[in-house]
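[1] A structural model of the following input is requested.
(chains A and B)
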There are 2 protein chains.
Amino acid sequence: MRDAEWSGFFADARTLDPDAYITLDYYFECSGDPDLAAAHFCAEQSTAQWRRVGYDEDLRSTFGARVIDLEVLAAGRPEFSYDIAKPPDGGVSACRVRIAHPHGNFGPRIPNLLSAVCGEGTFFAPGLPVVKLLDIHFPDAYLAAFDGPRFGVQGIRDLLQAYNRPIFFGVIKPNIGLPPEAFSELGYASWLGGLDVAKDDEMLADTPWCPLEKRSALLGAARKRAEEETGVPKMYLANITDEVDRMVDLHDIAVANGANAVLINAMPVGLSGVRMLRKHARVPLIAHFPFIAPFSRLDHFGIHTKVFTKLQRLAGFDVIIMPGFGARMHTSDDEVRDNVAACLDPMGPIKPSLPVPGGSDWAGTLEPLYRKVGSADFGFVPGRGVFGHPMGPRGGAASVRQAWDAIANGVDIDTHAAAHEALREAIRAFRKPGDPAPAEQSDQKRTGGDS
Amino acid sequence: MRDAEWSGFFADARTLDPDAYITLDYYFECSGDPDLAAAHFCAEQSTAQWRRVGYDEDLRSTFGARVIDLEVLAAGRPEFSYDIAKPPDGGVSACRVRIAHPHGNFGPRIPNLLSAVCGEGTFFAPGLPVVKLLDIHFPDAYLAAFDGPRFGVQGIRDLLQAYNRPIFFGVIKPNIGLPPEAFSELGYASWLGGLDVAKDDEMLADTPWCPLEKRSALLGAARKRAEEETGVPKMYLANITDEVDRMVDLHDIAVANGANAVLINAMPVGLSGVRMLRKHARVPLIAHFPFIAPFSRLDHFGIHTKVFTKLQRLAGFDVIIMPGFGARMHTSDDEVRDNVAACLDPMGPIKPSLPVPGGSDWAGTLEPLYRKVGSADFGFVPGRGVFGHPMGPRGGAASVRQAWDAIANGVDIDTHAAAHEALREAIRAFRKPGDPAPAEQSDQKRTGGDS
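    Predicted coordinates:
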């Protein structure tokens, strides 16, 4: 079946040096012979022309990406899953392929890695318009060139002296528009209520109406007061997302002023910019997730989120905020769990990152999240669930801690709420009809926005 | 119809200061009332909670994104275009919305711009799972903060002394695996044959088997020899795609060695890294397009390529290589033309970038490309069409120049080929059955790969 010309793009995995290859899992839909399509696919992502004119040479043995497994999931489908290309005469085959790609082609460099495994070769291989990069696996020999997280899960817990429970984050809201003074008061109140980490919104940057220098000075001082009053460590997570040539300076300003963690929007800045900052940073790096959904949301096209979770961990993020469970976030439970695992599973010498599955959280979503994650190694990140709480951020933070106390003591949230006002008020304000736990009908009280 | 609570996210465009807003066009599909969905959409991308608990304030007048036009394209559809969310009971509405977003929220910073206009707010607004950012428009007040291309189209033409014709690029192939000596010989031959620009493949980086220092030294010297022999300026386009903290050094090495343009894979590096390099670079910056297709290929989800073409121009690219015409590139003719226009159309103080629509080109694709672009202000970028030519790269480059001579003289390519061997050989090797121009049946001669 296989054209001899193309057999150079197939290999028995056992014959390849495992240290020399990264392994890639793709879904694809093709016209024509799947073997030929898979060979083209390898050619396009490695050495598409493997000899010079007039030379008897073959560069593929060292530089060719190779098919090491190919499964045809379906054949003869009348059309592609998406209206990208004309349905071919012979029907569409849906396949899953595993490819060994020699990382010596590009080296331990994130931009070059991305260019090879999800670049032109992947998305413009002939006869293969529908493709999704599902997973990526690195040999330790490749991982050894990366630093990964400086702190990791254990380091974050040690900094916060917070063990055997989730880490409680909160996004200070209103997220956009407040001056530093008002903004810092909200963060201060949330720490007193029980948050571990008060964070800038991912859209709040260094702006004239809320300069990072002033904001971090006020919040840095507020953090220290909150630590003195509560007797426990607190964290101010300053958003230093900006042009890459400003991030090191912004890190230094924020940290000097008392911020003890920094937020970076991973994809908008670029993972390479994050890796650069990692070399310099002396506080934990926290990732937010804008610009991942547009290339990951569809089942059969693009790049799976777990590939990006792994790459964010490789780039050095200690904490990875990601779309969480629930219909609102358009991410299946399995996909969220895959991303949690991509943070926590062994990865050679690279430390684990703390996963923070987020989206429209409040005290009442903590238990379902904890059950789905299956352990306390995660972060919880409400926004309005703390800062839109009817009692304000102090009560909002308290409601979250009370919800955890209920879980830790095996008491149901409504029973616990009877003796805990903040939790009771959270339930009254935020529980919606149809939410899992039993409750009186909510008033749907809104504080400028309900979602 | 409109809930008073949400009317703060609507505005009459005539009441807004045009200098203070960028304008965004989105397609979306929603459940429920489109007005409410559009208001939520604005809230999520700006000030989702617009007042503090216990305060009588409204941050939306300054910081709110506003709907300035909303068109319902279809209502009551049974399901969303993609299998992302459950079909809602009341049916799906497909809409087009124009939004005025106050750029003061984030400032003239690419990562913060991206976070605001195609970040979490865009892709996680409630009831709106299917969305595509179609276009973006900047006021001159915003553009003024950016440098844009240093050279632009006119600057590139002046450097090459090439006017009233396309600029002829070629991707040196084999792209991966050759040592610098063999690689540079191919580039040299292609310049003698008539290429303006010999370029590194987008996947060829600074690797131990082909270090940029050695490669640029050999190609820099070869370029100067080629200039002496041909009497015209030539360009060696060195790929310096790498981690962002290495790019400035690689630029300096390559340029000192005689590279006189540098290639950067825009998205894998990140546009902010490009903007940083732009401040330092003294030679033209050329963009390649890996990692744009995964978020732009679907008609109704993601981000339109022209948004990224505009952003690449803003970041400072003098030349933008993009997916070209033809089924292979899965990009409609209209979309390619939109991208060409995004390079060339007036953009305040920002110079035009040279568009290079590419994909499986050879001498025979030059005329259709020229006709579709509608002017000679473009670059042409064959790979195997030059370097897999039966006569080698010198003949391959000559075949392209001969094809242009035919066009410029109004002669059809087959007539011209009768007296021009390189063109004749190109037709024999590369023309496929079904290609537009008339020809004898091709031999489908392959030189290690045919696509």
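
[2] Which one of the residues in chain A is closest to chain B?
    With Cβ to the nearest Cβ as the measure, residue A:270 is the residue of chain A nearest to chain B, at 2.2 Å. C-betas here are computed from N, CA, C, even on glycine.

[3] what sits against the residue nearest to that residue when sequence neighbours are not counted?
    Excluding the flanking residues, the one nearest residue A:270 by Cβ to Cβ, 6 or more residues apart in numbering or on different chains is residue B:270, at 2.2 Å. Counting by Cβ atoms under 8 Å, 6 or more residues apart in numbering or on different chains, residue B:270 touches A:111, A:244, A:268, A:269, A:270, A:271, A:272, A:273, B:111, B:244.

[4] so how many other residues sit close to residue A:346?
    7 (other Cβ atoms under 10 Å in any protein chain shown).

[5] Residue A:89 too?
    The number of residues packed near residue A:89 is 7, by other Cβ under 10 Å.

[6] where's it, which helix or strand?
    Residue A:89 is part of no helix or strand, with elements assigned from DSSP states H and E.

[7] Which of the three states applies to residue A:150?
    coil (DSSP: H, G, I helix; E, B strand; the rest coil).

[8] Is it in contact with residue A:281, as I believe?
    Yes. Look at residue A:150 against residue A:281 with Cβ atoms under 8 Å: they come within range, at 7.2 Å.

[9] that older thread, pLDDT value on the residue of chain A closest to chain B, please?
    If you check residue A:270, the pLDDT there is 98.

[10] quick one: low-confidence ranges for chain A?
    The model of chain A has pLDDT under 70 over residues A:1-4, A:436-451.

[11] of all the contacts of residue B:270, which comes closest to residue B:368?
    residue A:111 (32.7 Å; Cβ to Cβ).

[12] okay, residue A:150 and residue A:281: which has more neighbours?
    residue A:281 (23 against 17).

[13] ok so, going back, and the contacts of residue B:270, which of them are in helices?
    Counting by DSSP state H, the part of these found in helices is A:111, A:244, A:268, A:269, A:271, A:272, A:273, B:111, B:244.

[14] The first one reaches residue A:272, doesn't it?
    Yes. Residue A:111 is in contact with residue A:272 according to Cβ under 8 Å; the separation is 5.3 Å.

[15] quick one: common contacting residues for those two?
    Residues touching both residue A:111 and residue A:272 (Cβ under 8 Å, 6+ apart): B:243, B:244, B:268, B:269, B:270.

[16] By neighbour count, which of those residues wins?
    Counting by other Cβ under 10 Å, top hit in those: residue B:269 with 32 neighbours.

[17] which residues sit in contact with it?
    Taking Cβ under 8 Å, 6+ apart, we find residue B:269 in contact with A:111, A:270, A:272, B:241, B:242, B:244, B:247.

[18] picking that back up, phi, psi for the residue of chain A closest to chain B please.
    phi 100, psi 130 (degrees, to the nearest 10).

[19] Over to the one 10 residues further on?
    Torsion angles at residue A:280 (phi, psi; degrees, to the nearest 10) stand at phi -100, psi -30.

[20] Not counting sequence-adjacent ones, nearest residue to it?
    What sits nearest to residue A:280 in space, not counting adjacent residues and going by Cβ to Cβ, 6+ apart, is residue A:248, at 5.2 Å.

[21] do residue A:379 as well
    Among residues not flanking residue A:379 along the chain, residue A:356 sits closest, at 3.5 Å (Cβ to Cβ, 6+ apart).

[22] residues in contact with the one you found?
    A:167, A:169, A:319, A:320, A:321, A:322, A:378, A:379, A:380, A:381.

[23] do that again at 10 Å, thanks
    A:166-167, A:169, A:197, A:199, A:286-289, A:319-322, A:324, A:340, A:343, A:378-381 (Cβ atoms under 10 Å, 6 or more residues apart in numbering or on different chains).

[24] Give the burial count for residue A:301, as a bare number.
    Residue A:301: 28 surrounding residues under other Cβ under 10 Å.

[25] now residue A:405
    Using other Cβ under 10 Å, residue A:405 has 15 other residues around it.

[26] secondary structure class for it?
    Applying three-state DSSP: residue A:405 is helix.

[27] Spit out the contact partners of the nearest residue in space to it that is not next to it in sequence.
    Closest residue in space to residue A:405, ignoring its immediate chain neighbours: residue A:416 at 6.8 Å, by Cβ to Cβ, 6+ apart. Neighbouring residues of residue A:416 by Cβ under 10 Å, 6+ apart: A:363, A:402, A:403, A:405, A:406, A:407, A:409, A:423, A:424.

[28] Confirm for me that residue A:66 is in contact with residue A:47.
    No. Applying Cβ atoms under 10 Å, one finds residue A:66 not in contact with residue A:47, separated by 11.2 Å.

[29] So which of the two has more stuff around it?
    Ranked by neighbour count (other Cβ under 10 Å), residue A:66 and residue A:47 place residue A:47 first, with 30 against 24.

[30] residues contacting the more buried one?
    Contact partners of residue A:47, counting by Cβ under 10 Å, 6+ apart, are A:8-9, A:58-60, A:62-65, A:102, A:105, B:173-178, B:201, B:203, B:448-449.

[31] Helices of the stretch 251-400 of chain A, start to end?
    Taking DSSP state H, counting those that start in this stretch, the helices of the stretch 251-400 of chain A run over residues A:266-269, A:271-280, A:293-296, A:305-315, A:333-344, A:366-373, A:384-387, A:392-408.

[32] after the last one comes which helix or strand?
    Tracing the chain past helix A:392-408, the next element assigned as helix or strand by DSSP H and E is helix A:413-418.

[33] Now do the buried residues in that following helix.
    A:413, A:414, A:416, A:417 (16 or more other Cβ atoms under 10 Å in any protein chain shown).

[34] what's the closest of those to residue A:229?
    Once Cβ to Cβ is applied, the member of these that ends up nearest residue A:229 is residue A:416, at 24.7 Å.
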